[in-house]
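S.K.: attaching a predicted model along with its sequence, questions to come.
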Amino acid sequence: MPSQICTVDRLDKPSSYTASKNKRRRVRDRDGDRDDRREKSPDEDEKMKDATTLYVGNLSFYTTEEQIHELFAKCGEIKRLVMGLDRFQKTPCGFCFVEYYNHQDALDCMKYIGGTKLDERIIRTDLDEGFVEGRQYGRGRSGGQVRDEYREEFDPGRGGYGRAYQDDDKDYTIEL
Amino acid sequence: MAELELRGGYGYGGGGGGGRRSRKRRYGDDEEFDRRPQRRRYEPEESLYDQLKRGLLALGEPGPDTQERMRLLAKRLVDHFDDEDIKSRFVDLTVCLIIEQPFKIPFVSAFALYVNDLQSSVAGQILSRAATKAQAVIDAGEWRELKLLFRFFALLSNLFDGDGVFSVLDELFNRAVDLQTASPEDAVGLELVKIILLTIPYALASPAKGLEPRALDMLQRTEIIASAPHPYSPLVDPYPTDSEDKPYGYQSLIGLLQKQLQDEASRGWELACIPRLYRQAGVGTDGADEANGADEVPISKHTFPSITVPSPVNPGVKPIFPETAFSVYTDQDIETVPKASHIASSLIRDACVDLINILDTNRSFVAKSLINIDHFWAPGTFAQRGMMYDRLRQLPEDQTTWKPEDVAVDAIFSQMFKLPFPEHKLVYYHSVVTECCQIAPGPIAPSLGRAIRFLFRNVEYMDMEVSYRFMDWFSHHLSNFEFRWKWPEWTSELEYSDLHSKKAFIIGAIDKEIRLSFTKRVRETLPPSYHHLVPEAKDKDIPDFKYKNDQTPYAPQARELYGLIRKKAPDEEIQGVINKLHEEAVLHEVEDPLIPSTDAFVTAICFVGAKSLSHVLSYIERYKDHLLSIGPSSEAARRQIVASVVDYWHDQPGVAVNIIDKLLNYTILTPMAVVQWILVDKLGRGAILSESWAFEMISNTIGKVTNRVRQIVDARVQGTKGLAAEQIALVDETLAKERDAMRQLFGVIDDATGGIAVGASDAMIESEGSDDMAEQNALLRSLGDRWQRVFKRKAAVEESAVGETAVAAAVKAAEEEAGKNLKNGGDVAMDNGHAEAGALSGAAENGSTA
């Protein structure tokens, strides 16, 4: 294979999110661990070197597994697909994890599918170090994704206005 | 990416997978991102190197006064060349630019000439680094990179004493002759000749004089190879039928190049599209056309760097096939792309294709470059951007009608539809089209429209795989653009029989649109005359369970099975019901009771799991052992699994395709069962060959098998570097077995489709004679023929990669390399060996389950 491209940016790098997450974790590890059992958390590059999982964001709540499968299989055989769910309702809340068999397929997905449309929405993809049970649930207070709490614009594909602004959301009011 | 953008970047670095995405959303949309205040980024002043880099990468990009920019950059470089860091990195970057951005090679070359004017030793360093790279790529058989580096040298021909680039082209030609003499199937020799033919015009467009005799001499020698027919040419023909109505057939790329160059020679090597960017020093500094001044300053010459072509050459890792010309604009009354006989068609296409294939890491950069294509070629090469087709007609006779958008779209499609396979995944080319449409929707859309109409018009002459790719792209493309298409213009095609390629295309495309969206949405984008193609049944998220109806045989047992599966009952209870079903079947004198019981069981699993793919998969997983036990008991029952899945999901075949795929992974199904169910059990008169899902299912199945064989071959080749003899024997045995299975599979497909192609299927013979059947039979024969070609080609391509001869050659090459390594340091080789052994057993395991 020819050497890496050096005159043009790549689209298949992990985003600043993944980088910052790793950084944060390192800080936390240091703080919480006083004794000298220094378990070096693998470097970010090292972790992503073989990453086969992608975080997929900005999906409509109504987008199905089959639709996601149909699009993402264009980059390679999918090993596992985990739909992101509302923590309380257990309904799709607009993100998912797609796991491929091959690292290269995940990279290609970043390059060829990230930023294109699925179900008429521009979706975003990000390399991910791998799905862990629990991560399929939204972390927002009302159960969905954080971004849907305070969204000021109306998004019919993602439950309308931000949940924090919906007075009729009784669950949410109780939560507060 | 965001960081780069903040730092100011280069303004064209290709921002992200979608420029439309607001930064706000980008940060906001992580479910786990905690919002801590962003620290203000410290922005250091741009270093000298970064400034030079920015200047270099901007060469050729739209901007004022190209010559002046090049001259200033040259001056700055020369002034600071004593800085070791700058020297090394900048020279490296220059070489990278040559092999990464082919559009810019004329600019890099002109820049190098300006550098040479100021200080020839600096230019010498660039030349020598480029030569080192050229030697490296030639040794590795990286032919595209070699071609691009030769282009750079050719454009600098005036710097060299003597023959310049021609001396190494001679050597390359000799190797091509060796290869061609050794084997008529050789394609590497063709690639070498292509490199030669694509280097010559750039040498003649350089400021050097007196190269014409050398070029003519070379053309005389290449003629015989360039014009010879190649046995593999039918494999890459996008329109392989015998019909006289097809738009064109195989047209050898190097054959055309040869003729184009001979034509160009007779016109005095005009080569009008290649930009001449260098104005000699002291002749005029305004960048005006004063290059032919009288008092020329003598140029400091260099000796051509020594580049040796190994004998025999390393063929490289990418398989090479003969190439054919491809265009979607061949039947227009206005020439919107250079015609195939014109040298510009080859020069521009070659640069576009390389750009597209090299930079798949940044599709938005590729799209931007394609949209800016007119900046990179000589002024006057293209008509004004975005000019409407009808306005081209009104242009004065002496003006070009080449539409930059058409040239770009044509190049992308040539790669998307390239046979036997494209360089990258097809979806990459989809994404480049999408990106172009987003950057320049107004100008691109009409070009795309004409392309689609051309392709659709010729769909029945098209290679089946190409038409499948076309359909797949078309539906995916529309899903990115609100499903907008002028469907009414194809209304009359709805009259055709479903067996007709055009009708099948429409049906298949709509189904694929629905798979990416949902039925109601797609239906509302279609005119009412199309609605019968989208029946109500397609709206059902959960298709009916046929055993709900008491008329269906074994309905009670099937419903009981459904209840048990839903309850996640243990397999013993399931088996109990199945036994009851068997008893009843025996009463009905059913020969193989496992067939109806399998139908009931599998259909019930489909119904219980209909909510989503992961639902059905979890039930398959739960009853995996039971499902696995069906096939070994009865091959017919195994095929019944395929039948039941496809039947349950027959209104949404995409779901069936996915489930079958997973069942293959579990080895509940075998590839042979899938192929035989479609191409034997369901073949009938061959109508199933018009179903795009059938083609998809067979292609996927074959893909799995061929991938597996290739993995084993990889393991075998890698294994030479340290596997023990008995392990190698084991791999060899597996390989022989799996390869044999693959051949059998291809054999079944070939027999079945070949039978339809010659009209020999039993059902067909019976129906022959009735007149209205004659047309149907013609359609069926054509379908059979098109299918047969595709799988014959796939078989041939696989043979060339995993056949006995190919494997033996690869093993021999690996052994030789291992021998070399052993001399250099045995320890390393041993370590590798152990690692490979581990990887190998892993691969074998994967293969059996995956």
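M.R.: That came in fine, so what should we check first? Residues are numbered from 1 along each chain as shown, chains lettered A, B, ... in the order given.
S.K.: list the contacts of residue B:211.
M.R.: Shown in contact with residue B:211 (CB atoms under 8 Å, 6 or more residues apart in numbering or on different chains): B:157, B:164, B:166, B:203, B:204. Just so you know, the C-beta spots here come from the backbone N, C-alpha and C atoms, and that holds for glycine as well.
S.K.: next one: residue B:414
M.R.: B:326, B:327, B:349, B:353.
S.K.: mind listing what the first one touches?
M.R.: For residue B:326, the contact set (CB under 8 Å, 6+ apart) comprises B:238, B:410, B:413, B:414, B:417, B:418.
S.K.: helix or strand: which one has the closest residue to the fifth one other than its chain neighbours?
M.R.: Meaning residue B:417. In space, and not counting its chain neighbours, residue B:417 is closest to residue B:466: 4.9 Å by CB to CB, 6 or more residues apart in numbering or on different chains. Per DSSP states H and E, residue B:466 falls inside helix B:464-480.
S.K.: can you check residue A:56 too?
M.R.: Going by DSSP H and E, residue A:56 is part of strand A:53-57.
S.K.: residue A:5 too?
M.R.: Going by DSSP H and E, residue A:5 is not part of any helix or strand.
S.K.: hang on, the earlier thing: for residue B:247, see how far away the residue nearest to residue B:417 is.
M.R.: Residue B:466 sits at a distance of 12 Å from residue B:247 (criterion: CB to CB, to the nearest Å).
S.K.: these two - which one has more neighbours?
M.R.: residue B:466 (25 against 16; other CB atoms under 10 Å in any protein chain shown).
S.K.: would you check that the more buried one makes contact with residue B:419?
M.R.: Yes. Contact criterion CB atoms under 8 Å: residue B:466 and residue B:419 qualify, at 6.9 Å.
S.K.: which residues do the two both contact?
M.R.: residue B:238.
S.K.: for chain A, which spans come out with low pLDDT?
M.R.: Scanning chain A for pLDDT under 70 picks out the ranges A:1-3, A:16-44, A:166-176.
S.K.: look up how far residue A:155 lies from the spatially most central residue of it.
M.R.: By CA atoms, centre = their mean, chain A has its centre lying nearest to residue A:55, at 3.0 Å. Distance of residue A:55 to residue A:155, computed by CB to CB: 19 Å.
S.K.: any regions of the stretch 751-850 of chain B where pLDDT drops low?
M.R.: Residue ranges of the stretch 751-850 of chain B with pLDDT under 70: B:760-772, B:821-850.
S.K.: mind doing that once more with 50?
M.R.: Low-confidence segments of the stretch 751-850 of chain B, defined by pLDDT under 50: B:826-850.
S.K.: can you pull the buried residues of the helix or strand where residue B:262 lies?
M.R.: Assignment of secondary structure by DSSP H and E places residue B:262 within helix B:253-266. Neighbour counts over helix B:253-266 (16 or more other CB atoms under 10 Å in any protein chain shown) mark B:253, B:254, B:255, B:256, B:257, B:258, B:259, B:260, B:261, B:264, B:265 as buried.
S.K.: likewise stretch B:608-618?
M.R.: B:608, B:609, B:610, B:612, B:613, B:616, B:617.
S.K.: the residues you listed in helices, which ones?
M.R.: B:608, B:613, B:616, B:617 (DSSP state H).
S.K.: from those, which are also near chain A?
M.R.: Subset of those in contact with chain A: residue B:613, counting by CB under 8 Å from any CB of the partner chain.
S.K.: just the mean pLDDT for stretch B:591-599, thanks.
M.R.: Mean per-residue pLDDT for stretch B:591-599: 97.
S.K.: from the chain's centroid, how far away is that stretch?
M.R.: With CA atoms, centre = their mean, to the nearest Å as the basis, stretch B:591-599 stands 43 Å off its chain's centre.
S.K.: return the alpha-carbon coordinates of that stretch using CSV.
M.R.: The C-alpha trace of stretch B:591-599 is given here as CSV (Å, rounded to 0.1, in the frame of the first residue of the first chain):
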residue,chain,number,x,y,z
GLU,B,591,-41.9,-37.8,1.9
ASP,B,592,-39.6,-35.6,4.0
PRO,B,593,-41.5,-34.4,7.0
LEU,B,594,-38.6,-32.2,8.0
ILE,B,595,-39.5,-29.8,5.2
PRO,B,596,-42.9,-28.8,6.5
SER,B,597,-41.6,-28.7,10.1
THR,B,598,-38.7,-26.5,9.1
ASP,B,599,-41.0,-24.2,7.3
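S.K.: what is the nearest of the contacts of residue B:326 to residue B:377?
M.R.: Nearest to residue B:377 out of the contacts of residue B:326 is residue B:410 (CB to CB; 14.8 Å).
S.K.: so which strand or helix has the residue nearest to residue B:560 when sequence neighbours are not counted?
M.R.: Closest residue to residue B:560 apart from its sequence neighbours, by CB to CB, 6+ apart: residue B:577 at 4.9 Å. Using DSSP H and E, residue B:577 sits within helix B:571-587.
S.K.: what's the answer for residue A:125, then?
M.R.: Going by DSSP H and E, residue A:125 is in strand A:124-128.
S.K.: with residue B:77 instead?
M.R.: Applying DSSP H and E as the criterion places residue B:77 in helix B:66-79.
S.K.: so that helix, near chain A or not?
M.R.: No. For helix B:66-79, no contact with chain A is found by CB under 8 Å from any CB; the gap never falls below 15.0 Å.
S.K.: next: stretch B:307-314.
M.R.: No. Judged by CB under 8 Å from any CB, stretch B:307-314 stays clear of chain A, getting no closer than 14.1 Å.
S.K.: straight-line length of that stretch, end to end?
M.R.: 15 Å (CA to CA, to the nearest Å).
S.K.: distance-wise, check the residue of chain A found nearest chain B relative to residue A:121.
M.R.: The nearest approach of chain A to chain B comes at residue A:115, 2.7 Å away (CB to the nearest CB). The spacing between residue A:115 and residue A:121, counted by CB to CB, is 11 Å.
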